[in-house]
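Chemist: Have a look at this fold, sequence not included:
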């Protein structure tokens with residue numbers, strides 16, 4: 001098993017209190033995988049869970065990540081996400097879409113009708129984030145939306 005920088009016996013699985021709130025950025029290290037997703041060590045102190053549907057790329061045990069507190073549940077278990085929350089998540093999605101458009105010569109064959117799996121594979125974002133981001137990019141007049149995909153405006 002991968003060596004960890006922290007004494008695993010001192011990790012709190014259900015802490016009485018935590019020093020962060022929902023939306024806060026934290027350090028996370030992948031501890032193990034379960035049927036629900038990836039268990040991570042948060043800030044070298046707590047265990048948290050990244051649900052399978054929030055994982056948009058392959059993770060490895062021991063890998064260190066920047067993560068965000070998604071929810072602190074009533075039982076004090078901590079849900080974590082790899083994506084920023086709120087509008088910051090959409091700003092990141094817009095940045096990814098624009099970078100991919102640049103890389104793909106200004107055209108991306110993704111639309112509102114593309115499957116969540118296609119969007120996840122191409123951009124590593126959810127379909128909901130994709131739709132919100134392209135709507136925003138369209139309003140900003142940075143892209144055109146066609147039946148076959150999206151393209152950068154000149």
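Modeler: That came in fine, so what should we check first? Being a predicted model, the structure only gives us computed values, none of them experimental.

Chemist: Then residue 30 would be within a strand, right?
Modeler: Yes. Judged by DSSP: H, G, I helix; E, B strand; the rest coil, residue 30 forms part of a strand.

Chemist: just checking, it touches residue 58?
Modeler: No. With contact defined as C-beta atoms under 8 Å, residue 30 does not reach residue 58; the gap is 10.5 Å. Where you see a C-beta, it was placed from the backbone N, CA and C, and this is true even at glycine.

Chemist: And these two? Which one has more around it.
Modeler: Neighbour totals were compared for residue 30 and residue 58, and residue 30 leads with 20 against 6 (other C-beta atoms under 10 Å).

Chemist: confidence score at the more buried one?
Modeler: pLDDT recorded at residue 30 is 95.

Chemist: For it, give me its contacts.
Modeler: The neighbourhood of residue 30, defined by C-beta atoms under 8 Å, 6 or more residues apart in numbering, consists of 38, 39, 40, 59, 60, 61, 62, 63, 65.

Chemist: how about 7 Å then?
Modeler: Shown in contact with residue 30 (C-beta atoms under 7 Å, 6 or more residues apart in numbering): 38, 40, 59, 60, 61, 62, 63.

Chemist: ok, and what's touching stretch 68-87?
Modeler: With contact meaning C-beta under 7 Å, 6+ apart, stretch 68-87 is reached by 14-16, 18, 20-26, 28, 40, 42, 46, 48-51, 54, 56, 65, 67, 89, 92.

Chemist: wait, I meant stretch 34-47
Modeler: 4-6, 11-13, 15, 18, 26-32, 48-52, 54-55, 59, 67, 78, 80.

Chemist: Could you rerun that using 6 Å?
Modeler: Stretch 34-47 has contacts (C-beta atoms under 6 Å, 6 or more residues apart in numbering) with 6, 11-13, 15, 26-32, 48-52, 59, 78, 80.

Chemist: Out of the contacts of residue 30, which end up buried?
Modeler: 38, 40, 59 (16 or more other C-beta atoms under 10 Å).
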